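> here is my input, please return the structure:
(4 chains)
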Number of protein chains: 2
Amino acid sequence: MTMQPHIPACGNCPIRHNAVCAECDADELAVLERAKSYRQVPAGTSLASAGEPLHYLSSIVTGSATMSRTLEDGRRQMVGLLLPSDFIGRPGRSASAYDVVALSDVTLCRFERRTFERLVRETPHIATRLLTMTLDELDAARDWTVVLGRMTARERLAAFLVSLARRRARSGAGAGRALTLQLPLSREAMADHLGLTIETTSRQVTALRKDGLIETPSLREIRIPDLERLALEAGDDADGGILS
Amino acid sequence: MTMQPHIPACGNCPIRHNAVCAECDADELAVLERAKSYRQVPAGTSLASAGEPLHYLSSIVTGSATMSRTLEDGRRQMVGLLLPSDFIGRPGRSASAYDVVALSDVTLCRFERRTFERLVRETPHIATRLLTMTLDELDAARDWTVVLGRMTARERLAAFLVSLARRRARSGAGAGRALTLQLPLSREAMADHLGLTIETTSRQVTALRKDGLIETPSLREIRIPDLERLALEAGDDADGGILS
DNA sequence: GGCCGGCATTGATGCAGATCAATCCCGCCG
DNA sequence: CGGCGGGATTGATCTGCATCAATGCCGGCC
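Numbering: from 1, shown residues only, chains lettered A, B, ... in the order given. I've put the predicted structure just below:
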């Protein structure tokens, strides 16, 4: 519901990823510069496991990842889709609460956890910025709770596509009514996010296509001719309702 | 998954509610003392409406409230059950994202929003404390996402009762294997939280009772003879799995 | 005490989505 | 070019929960 504040490029980081230093002054930036390091990992790499200690906090520079939990009997639920500028790990928590797995090749900008926690203590701006980010994540998580608790399969898919489209629009990529999404996830990952099976997910994609709400140029692409019309399918009322 | 840090009584507030000043020094406490005021409201009062500006941030001293969203067609999903020490409103957000309604008579400890935001900026401890609280809420919201996305009606009810029991245990009330919960909500509110209908919720209460997992001395009380056994029903593996 | 109204329970039936089971599609590699 | 393999789609059937409809319970009030 709230716009992400503008996140400037920071030092030599690629644009828009270094979400922790929006208002830092030059000295603070220099400290962050010294503390960070980069890491590249291939698709499929586990970046964190539920319950395991996590020694680095990182933000995603390029690529995407899932954050999910798997129950003992194999049922899996994704709790977050991580895209560039999203954060992995929480200051003050030594263990990850969820499994994080790279969906594609990923570039991370990392901070050693202890160092980062010291920076947070010593730099009020960072704490405030982290609070804002965390509140955004909290809104997103609660909004998704409504989707999973009360929406039909069709509505869930529409809500997901709309939120993905809006997230993309927000981070650059000119808006306009029509747009083509590059899906960062497989049907299985989508199903895990939507709380559905692969089969139901696939059927709903087909259904939305037959109804002219989306087009599917390829498996990993979805073209949305009219975002507002799709948003209506997600139970989104005219003036910007549920979906951040 | 993480214990709430110890929250000391603060000034003349009743114990355990004033969640924002865990490590403040005397001066900071004095500032908070001056900034806060109390308010009592009867059951059913609306404390915030989705999209409406919220002029006060408050923490619950006594009583309980729901935080929920209602879709245009009437479907409702609760995104949070607010108990003593829980916080209403977010610093930096002028509008509430959800409806908040008092379930019982409620005592609030309030801070005027602008004042509070200034305190946050000027008092690093408060920002850090708020970040910790928000991270806890984020964990809880994501955990509930798993419940709503992948669990059966029976598992959802068990998960809810276990989380309620653990929350109560954490805030005082001696643990032990057996305990009696005072339910702060009606069957309808429970259903809204669980993402089910009233009827299904009621049937599952009956089912757990018939299976000896719970007893129901009265409509608003549930006795749990063996919390661990109930936790098993929620898909909680032995060593503390999902439920915070 | 008896009636009323709101919440809770229980029963009968319907349907959305899960499950089980074939294909289909397409990139890859011999 | 043809065969292989993994993801995606489509179809047939099953089932857990929603829906519709009584009925039960209890506290308040005349």
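> low-confidence ranges, chain A, go.
A:1-26, A:28-29, A:172-177, A:237-244 (pLDDT under 70).
> tell me which stretches of it form strands.
Ranges of strands in chain A, per DSSP state E, are A:36-41, A:46-48, A:56-62, A:65-70, A:76-82, A:87-88, A:99-102, A:106-112, A:179-182, A:215-218, A:221-224.
> relative to the shortest one, what are the paired strands and their orientations?
Spelled out, that is strand A:87-88. Sheet pairing of strand A:87-88 (DSSP bridges) gives strand A:56-62 (antiparallel).
> what does the fourth one give?
For strand A:65-70, the paired strands and their directions (DSSP bridges) read strand A:76-82 (antiparallel), strand A:99-102 (antiparallel).
> alpha carbons of it, as PDB, please.
Output in PDB follows, covering the C-alpha atoms of strand A:65-70 (Å, rounded to 0.1, in the frame of the first residue of the first chain):
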ATOM      1  CA  ALA A  65      15.300 -16.800  -4.800                       C
ATOM      2  CA  THR A  66      12.400 -18.400  -2.800                       C
ATOM      3  CA  MET A  67      12.000 -18.400   0.900                       C
ATOM      4  CA  SER A  68       9.900 -21.400   2.000                       C
ATOM      5  CA  ARG A  69       9.200 -24.000   4.600                       C
ATOM      6  CA  THR A  70       8.700 -27.700   4.000                       C
END
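> residues contacting it, please?
With contacts defined as Cβ atoms under 8 Å, 6 or more residues apart in numbering or on different chains, strand A:65-70 is touched by A:47, A:50, A:76-82, A:88, A:98-103, A:106, A:185, A:189, A:192-193, B:146, B:242. C-beta here means a position set from N, CA and C on the backbone, and glycine is covered the same way.
> center of chain A - which residue?
Centroid-nearest residue in chain A, with Cα atoms, centre = their mean: residue A:82, separated by 3.2 Å.
> quick check: the gap between that residue and residue A:160.
Distance from residue A:82 to residue A:160, counting by Cβ to Cβ, to the nearest Å: 15 Å.
> quick one on the thing from earlier: which residue sits closest to the residue nearest to the centre of chain A, ignoring its sequence neighbours?
Leaving aside its chain neighbours, residue A:82 sits nearest to residue A:65 (4.3 Å; criterion: Cβ to Cβ, 6 or more residues apart in numbering or on different chains).
> around that neighbour, how many other residues sit close by?
Other residues near residue A:65 come to 27 when the count uses other Cβ atoms under 10 Å in any protein chain shown.
> now do residue A:97
If you count neighbours by other Cβ under 10 Å, residue A:97 ends up with 24.
> which residues does it contact?
Counting by Cβ under 8 Å, 6+ apart, residue A:97 touches A:50, A:90, B:1, B:139, B:142.
> for it, give me the backbone phi and psi.
When read as degrees, to the nearest 10, the backbone of residue A:97 gives phi -90, psi -20.
> relative to residue B:146, how far out is it?
11 Å.
> what does residue A:192 give?
11 Å.
> so what sits against both of these two?
Common neighbours of residue A:192 and residue B:146, counting by Cβ under 8 Å, 6+ apart, are residue A:77.
> report the beta-bridge partners for residue A:65.
residue A:82, residue A:102.
> for residue A:106, same thing?
Applying DSSP bridges, one finds that residue A:106 bridges with residue A:41.
> please apply the same query to residue A:223.
residue A:180, residue A:215.
> hmm, residue A:180 and it touching each other?
Yes: using Cβ atoms under 8 Å, residue A:223 is in contact with residue A:180, at 4.5 Å.
> overlap of the contact sets of these two?
The contact sets of residue A:223 and residue A:180 overlap at residue A:217 (Cβ under 8 Å, 6+ apart).
> thinking again about what came up before, ok, the residue nearest to the centre of chain A touching residue A:100?
Yes: between residue A:82 and residue A:100 a contact is recorded at 7.1 Å, counting by Cβ under 8 Å.
> spit out the residues that contact those two alike.
A:65-67, A:88.
> ok, back up a step: which one of the contacts of residue A:97 has the most neighbours?
residue B:142 (25 neighbours).
> wait, that residue touches residue A:90, no?
No: using Cβ under 8 Å, residue B:142 is not in contact with residue A:90, being 11.3 Å away.
> please tell me I have it right and residue A:77 contacts residue A:191.
No: counting by Cβ under 8 Å, residue A:77 does not reach residue A:191; the two are 10.1 Å apart.
> tell me the contacts of the nearest residue to residue A:198 once chain neighbours are set aside?
Closest residue to residue A:198 apart from its sequence neighbours, by Cβ to Cβ, 6+ apart: residue A:191 at 4.7 Å. If a contact means Cβ under 8 Å, 6+ apart, then residue A:191 has A:197-198, A:200-201 as its contacts.
> nearest spatial neighbour of residue A:168, skipping sequence neighbours?
Closest residue in space to residue A:168, ignoring its immediate chain neighbours: residue A:181 at 6.8 Å, by Cβ to Cβ, 6+ apart.
> correct me if wrong: the one you found contacts residue A:222.
Yes: with contacts counted by Cβ under 8 Å, residue A:181 reaches residue A:222, the gap being 4.7 Å.
> who touches both of the two?
residue A:161.
> who has more neighbours out of the two?
residue A:222 (23 against 17).
> now find how far off-centre the lengthiest helix in chain A is within its chain.
Taking DSSP state H as the criterion, chain A has its longest helix at helix A:124-150. Put simply, helix A:124-150 sits 11 Å off its chain's centre (Cα atoms, centre = their mean, to the nearest Å).
> what's the angle between that helix and strand B:76-82?
Comparing the axes of helix A:124-150 and strand B:76-82 via axes from the mean of the first three to the mean of the last three Cα atoms, to 10 degrees yields an angle of 140 degrees.
> by contact count, what packs against helix A:124-150?
Judged by 3 or more Cβ pairs under 8 Å, 6 or more residues apart in numbering or on different chains; DSSP states H and E, helix A:124-150 is in contact with strand A:76-82, helix A:113-122, helix A:153-170, strand B:76-82, helix B:113-122, helix B:124-150.
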